[in-house]
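Visitor: Generate coordinates for the sequence data below:
(chains A and B)
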There are 2 protein chains.
Amino acid sequence: MTTQTGPLIQTQVPESFCNLATGQPSPRLLPMELLAYAASRRLRPDTDRLLLQYATCAGGEHFREGLAAFLTQEFQARVTADTLMISNGISGALAIIFGTFSGQNRLVVSEDPTYFLARDVFTSSGAEVVGVPVDAEGLQVEVLEHKLRHESLRPSMLYTIPTHQNPTSACMSEARRRRLIELAEEFNFLIIADEPYNFLAFNQEIIKPFAALDEGRGRVISLGSFSKLLGPALRLGWIHAAPHLIAKIAQHGVLSSGGGVNPVMAEIVLETLVDGSLSTHIKTLQQVLGTRRTVLVESLQKYIPEMQFVTPQGGYFLWAKLPEGIKALALWNTGQQHALSFMPGTRCALGGGHQDRARLSFSFYEADEIPERIQRFAKVIEAHRAQTT
Amino acid sequence: MTTQTGPLIQTQVPESFCNLATGQPSPRLLPMELLAYAASRRLRPDTDRLLLQYATCAGGEHFREGLAAFLTQEFQARVTADTLMISNGISGALAIIFGTFSGQNRLVVSEDPTYFLARDVFTSSGAEVVGVPVDAEGLQVEVLEHKLRHESLRPSMLYTIPTHQNPTSACMSEARRRRLIELAEEFNFLIIADEPYNFLAFNQEIIKPFAALDEGRGRVISLGSFSKLLGPALRLGWIHAAPHLIAKIAQHGVLSSGGGVNPVMAEIVLETLVDGSLSTHIKTLQQVLGTRRTVLVESLQKYIPEMQFVTPQGGYFLWAKLPEGIKALALWNTGQQHALSFMPGTRCALGGGHQDRARLSFSFYEADEIPERIQRFAKVIEAHRAQTT
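Guide: This next block holds a predicted model:
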């Protein structure tokens, strides 16, 4: 890739497109060897044929036990099998949970900004989604409380990404989490915590799942996933909640008809939980992603010093405030002319907000590829200013 | 297993329970060798890591091409890749399709009797389900027409199992299928055809998917599955419909967020489509299930001659009319005392009907196990009569 030195015209688009938008795992870190080895051990000609039969709705008992042991070790906090069930990734879990608990009340409250595809999961299931703002400590619980108490907001559930939030990287404080549970009790809603990034923490303790604070009250459902640990294509995750909630979710018609979710893939993944290979891989992910985060931060400070942000402590994303006066969508359009993409803040908004923001991913590119890409981003900003002034 | 010669009391329950109710595939015929071999070829340490990445919503292009070639060969009728997408079995497809197309109209019409768990899939997604009766030619389309024309029935979709129906084994005539499409056009609803049994046909031609009659009008969505061909635990099936319907279903939020359905499992299964091993296995299934069907029919004629039924031409089930005066649920209760189970007709009903019916499965037991089990069923009927008269 050559570094561009001036505005480009369409015919000069460089061969390699620079994609700072993607929320995909790093291709190099997708552990094919690990999965191939696990599959070769679990799927053998002499494997019990009943592995291919209809399975139980919540997932096989030994899978749930193995997952419980794995989570207990990784979170350093006891997780029991009766609080876990298998899911078709977090996206699949959201649909199943909405179907199970929404009833006549199809209103979902979500953080704003949030994961840009979460709303579609809910609306495709028939929900209406309204937003509550986020700051450095996560969801602004006091704003939510005001809406509940004084504006007759009556959701059936609240959707949050409490840890290393997408896109802000904020971690919700424990005080806010506890207050949120109190509000859920008072106003009778469920908290659905989307937690795919907890293990991808840099230089700090792993934050426990939100459900660990629930203490059996049945107000919090945490959703975990192997998508960012092993690979999205496995379509495998887990639901973590009080046993009576798990029992209710497991009665969803799709699960009782289909015989649970992805039992064969679950058995393959179980191999990687039991033999410790996933734990080892997670340490690699933490190290590699942490380095990329650092390189991204340093590159931004060097090449686009007027960009403001909070340094992410985990996850995939950095939530940048664009230089004064630049609108995200207009800059994105300029970026397209220069074969560079990022996610405009507006894409993460539930309304039309966050026009001064960009979500930059550090999950996809290698550390040594990042500085050049941020230089390129700086040139795009420069070109954009030249075009618009 | 000893054949019981008289009424049993609870403490004498024999070791092996006789389950004529189950709709599970025969354990012996779950092709673990075939799957293990396919997995060993597709999941290797040097396999492209991008197999583990987010995939496309409708399924990978080469999977859809491979499936199209397989279906074209098996159905002896051209099926193209743009009319196909991957699904999480039929159960998962039903939820995705209902979410995509129901909108404000949550009314689903279903055959009555029908697959006993289908209603739960719909109601878990927020639907209301009403029934239309079935006869030897399948759904009674003229009854449906009357309800549409004179009783203001306005469904958003109609759910049918048109081929080797569960539980009746009826195959809907082509005339009725064509009339149903006309009604769907006139009254603006979609036909959702649940077709897991088409390939399990005995001594006759394979019936083409209902969607093959749609001819691009976009009124019929056929659902296929590998559950009865390779194993339910794969959670893999396909949706077959006009390309514009496929495009719309592929936009469902769960698919765009999750990156399609089960891409890794799809790649493993694709191996068995391409190398012909699934086609070979299907011939085995046809032969084995056909023999079991014949043995079941002969055993019923011999041991319970007053049982009436239409001989199934495919699928898993025989829909028996119980001897005069016997109620299915009461007989089922007697069966439990004798460690014997079947599916009472009422379980397949949408209302309280079919009390004089039993669904008997020939999918689960070996042919040489069936006569003894039907003898045992005859004894249960005898015992039941002794108890109730």
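Visitor: Residues of the stretch 101-250 of chain A that sit close to chain B?
Guide: With the criterion set to C-beta under 8 Å from any C-beta of the partner chain, the stretch 101-250 of chain A comes near chain B through A:102, A:115, A:117-126, A:230-235. The C-beta positions use only the backbone N, C-alpha and C, and glycine is treated the same way.
Visitor: Next, the contact list for A:Leu117, please.
Guide: Counting by C-beta atoms under 8 Å, 6 or more residues apart in numbering or on different chains, A:Leu117 touches A:Ser91, B:Gly253, B:Ser256, B:Ser257.
Visitor: now with 7 Å?
Guide: When contacts are counted by C-beta atoms under 7 Å, 6 or more residues apart in numbering or on different chains, A:Leu117 touches B:Gly253, B:Ser256, B:Ser257.
Visitor: And A:Ala136, by the same measure?
Guide: A:Ala136 touches A:Ala170, A:Val310, counting by C-beta under 7 Å, 6+ apart.
Visitor: Could you pick out which of the residues of the stretch 101-250 of chain A next to chain B are located in helices?
Guide: Among those, the members found in helices (DSSP state H) are A:Ala118, A:Arg119, A:Asp120, A:Val121, A:Phe122, A:Thr123, A:Ser124.
Visitor: any idea which of those has the most stuff around it?
Guide: Using other C-beta atoms under 10 Å in any protein chain shown as the neighbour test, those are led by A:Val121, with 29 neighbours.
Visitor: State the number of residues packed around the closest residue to that one other than its chain neighbours.
Guide: Among residues not flanking A:Val121 along the chain, B:Gly253 sits closest, at 3.9 Å (C-beta to C-beta, 6 or more residues apart in numbering or on different chains). By other C-beta under 10 Å, 23 other residues sit near B:Gly253.
Visitor: name the element A:Pro45 belongs to?
Guide: According to DSSP states H and E, A:Pro45 maps onto no helix or strand at all.
Visitor: Could you check the pLDDT of A:Gly23?
Guide: Model confidence at A:Gly23, given as pLDDT, is 89.
Visitor: Report all helices and strands that the longest helix seen in chain A contacts.
Guide: Taking DSSP H as the criterion, chain A has its longest helix at helix A:277-303. When contacts are defined as 3 or more C-beta pairs under 7 Å, 6 or more residues apart in numbering or on different chains; DSSP states H and E, helix A:277-303 sits against helix A:370-388.
Visitor: if you set the cut-off to 10 Å instead, what comes out?
Guide: helix A:32-42, helix A:61-75, helix A:263-274, strand A:317-321, strand A:357-361, helix A:370-388 (3 or more C-beta pairs under 10 Å, 6 or more residues apart in numbering or on different chains; DSSP states H and E).
Visitor: Return the most buried member of the ones you listed.
Guide: Mean neighbour counts were compared across these using mean count of other C-beta atoms under 10 Å in any protein chain shown; the top stretch is strand A:357-361, at a mean of 25.
Visitor: Check whether that strand comes into contact with chain B.
Guide: No - Strand A:357-361 lies out of reach of chain B by C-beta under 10 Å from any C-beta of the partner chain, never closer than 13.1 Å.
Visitor: Packing partners of that strand?
Guide: Using 3+ C-beta pairs under 10 Å, 6+ apart, strand A:357-361 sits against helix A:277-303, strand A:317-321, helix A:328-337, strand A:343-344, helix A:370-388.
Visitor: which regions of the stretch 1-150 of chain A lie under the pLDDT threshold?
Guide: Residues of the stretch 1-150 of chain A meeting the criterion pLDDT under 70: A:1-15.
Visitor: If you could redo that for the stretch 201-350 of chain A, that was the one I meant.
Guide: Low-confidence segments of the stretch 201-350 of chain A (pLDDT under 70): none present.
Visitor: give me every residue that touches A:Leu273.
Guide: Residues near A:Leu273 by C-beta atoms under 10 Å, 6 or more residues apart in numbering or on different chains: A:38, A:63, A:66-71, A:73-74, A:226, A:266, A:279.
Visitor: neighbours of A:Lys248, just the number please.
Guide: Residues within reach of A:Lys248, counting by other C-beta under 10 Å, total 15.
Visitor: Ok, A:Lys283 next?
Guide: Residues near A:Lys283, counting by other C-beta under 10 Å, number 10.
Visitor: same thing with A:Ser16?
Guide: 11.
Visitor: any idea how far it is from A:Gln286?
Guide: Per C-beta to C-beta, to the nearest Å, A:Ser16 is found 28 Å from A:Gln286.
Visitor: can you check A:Asp214 too?
Guide: 26 Å.
Visitor: same deal with A:Gly352?
Guide: A:Gly352 sits 36 Å away from A:Gln286, going by C-beta to C-beta.
Visitor: just A:Lys379 next, same as before
Guide: The gap separating A:Lys379 from A:Gln286 is 32 Å, by C-beta to C-beta.
Visitor: same thing with A:Glu174?
Guide: 22 Å.
Visitor: packing partners for the longest strand anywhere in chain A?
Guide: Using DSSP state E, we find that the single longest strand of chain A is strand A:128-135. Counting contacts by 3+ C-beta pairs under 10 Å, 6+ apart, strand A:128-135 packs against strand A:107-112, helix A:118-124, helix A:141-150, strand A:157-160.
Visitor: still on that earlier bit, JSON lines for the contacts of A:Leu273, including distance to A:Leu30?
Guide: As requested, the contacts of A:Leu273 are exported to JSON lines (distance: C-beta to C-beta, whole Å):
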{"residue": "A:Ala38", "distance to A:Leu30": "14"}
{"residue": "A:Phe63", "distance to A:Leu30": "22"}
{"residue": "A:Gly66", "distance to A:Leu30": "22"}
{"residue": "A:Leu67", "distance to A:Leu30": "21"}
{"residue": "A:Ala68", "distance to A:Leu30": "26"}
{"residue": "A:Ala69", "distance to A:Leu30": "25"}
{"residue": "A:Phe70", "distance to A:Leu30": "20"}
{"residue": "A:Leu71", "distance to A:Leu30": "22"}
{"residue": "A:Gln73", "distance to A:Leu30": "23"}
{"residue": "A:Glu74", "distance to A:Leu30": "20"}
{"residue": "A:Phe226", "distance to A:Leu30": "12"}
{"residue": "A:Ala266", "distance to A:Leu30": "19"}
{"residue": "A:Ser279", "distance to A:Leu30": "17"}
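Visitor: Closest one of those to B:Leu148?
Guide: Nearest to B:Leu148 among those: A:Ala266, at 43.8 Å, using C-beta to C-beta.
Visitor: ok, the residue nearest to that closest one when sequence neighbours are not counted to B:Gly325 distance?
Guide: The shortest distance from A:Ala266 to any non-neighbouring residue, by C-beta to C-beta, 6+ apart, is to A:Phe63 (4.9 Å). Going from A:Phe63 to B:Gly325 by C-beta to C-beta gives 48 Å.
Visitor: list the contacts for the residue nearest to A:Asn166 when sequence neighbours are not counted?
Guide: Spatial nearest neighbour of A:Asn166, excluding adjacent residues (C-beta to C-beta, 6+ apart): A:Tyr115 at 4.5 Å. The neighbours of A:Tyr115, taking C-beta under 10 Å, 6+ apart as the test, are A:23, A:90-91, A:121, A:159, A:161, A:165-167, A:194, A:196, A:317, A:348, B:257.
Visitor: out of these, which are inside helices?
Guide: Counting by DSSP H, the contacts of A:Tyr115 contribute A:Ile90, A:Ser91, A:Val121, B:Ser257 to helices.
Visitor: A:Ile249: which of the residues you listed is nearest?
Guide: Nearest to A:Ile249 among these is A:Ile90, at 13.6 Å by C-beta to C-beta.
Visitor: What is the nearest of the contacts of A:Leu273 to A:Gln301?
Guide: Closest approach between these and A:Gln301, by C-beta to C-beta: A:Glu74, at 32.3 Å.
Visitor: gap between the residue nearest to A:Thr22 when sequence neighbours are not counted and A:Ala81?
Guide: Excluding its sequence neighbours, the residue lying closest to A:Thr22 (C-beta to C-beta, 6+ apart) is A:Phe364, at 4.9 Å. Plainly put, A:Phe364 is 35 Å away from A:Ala81 if you go by C-beta to C-beta.
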